[in-house]
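1. next come a sequence and a model predicted from it.
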Amino acid sequence: MQVEGLRLVRPREAQKRLGVGHTFFWEELVNRGRIRLVKLGKRAKAVPEHELNALIGELITERDRVPEPEHARPGDKKMRSKARL
C-alpha cells in the first residue's frame, strides 16, 4: 500500500463535503459500510480522502443512472395559466 500523499479527512469535514448531517453520516454511511474509517487513536477516526472521493463519484453515478421524471410540456393543460398575458 502506498502511503505517500495520503490525506485523511476527519468525520466532520467528510460530513461537510457530502452535505449530510451527523446522524446520517454515522448511521447510513459508516454503520452500513459505505465509508470505512481509519482509527488514529483511542477516539480519533478519519476517512481516507480517496475513499471519500470515490463515494462521491458513486453517488454521482447513481444519480445519473436514474432517469429523471418527465416534466409537463408548455402545451399541457396543467401548465396553462388562467391569466393570459
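-> Noted; the coordinates are in hand. Being a predicted model, the structure only gives us computed values, none of them experimental.

2. please make it C-alpha for all contacts and neighbour counts, starting now.
-> Will do.

3. now the residue most central in space within the chain. Nearest residue, chain neighbours left out?
-> Per Cα atoms, centre = their mean, the C-alpha nearest to the average position across the chain is that of residue 18, at 4.5 Å. In space, and not counting its chain neighbours, residue 18 is closest to residue 56: 7.3 Å by Cα to Cα, 6 or more residues apart in numbering.

4. which SSE is the one you found in?
-> Assessed by DSSP states H and E, residue 56 sits inside helix 49-65.

5. still on that earlier bit, any idea how many residues pack against the residue nearest to residue 18?
-> 14 (other Cα atoms under 10 Å).

6. would residue 14 count as being in a strand?
-> No: counting by DSSP: H, G, I helix; E, B strand; the rest coil, residue 14 is located in no strand; its state is helix.

7. would you agree it is in contact with residue 50?
-> No: if you go by Cα atoms under 8 Å, residue 14 and residue 50 don't touch, sitting 11.5 Å apart.

8. who has more neighbours out of those two?
-> Per other Cα under 10 Å, whichever of residue 14 and residue 50 has more neighbours is residue 14, with 21 against 13.

9. what's the spacing between the more buried one and residue 62?
-> Going from residue 14 to residue 62 by Cα to Cα, to the nearest Å gives 19 Å.

10. again, but for residue 4
-> Noted for residue 4: a distance of 31 Å to residue 62, by Cα to Cα.

11. quick one, which of these two is more surrounded?
-> Neighbour count, other Cα under 10 Å: between residue 4 and residue 62, residue 62 has more, with 10 against 6.
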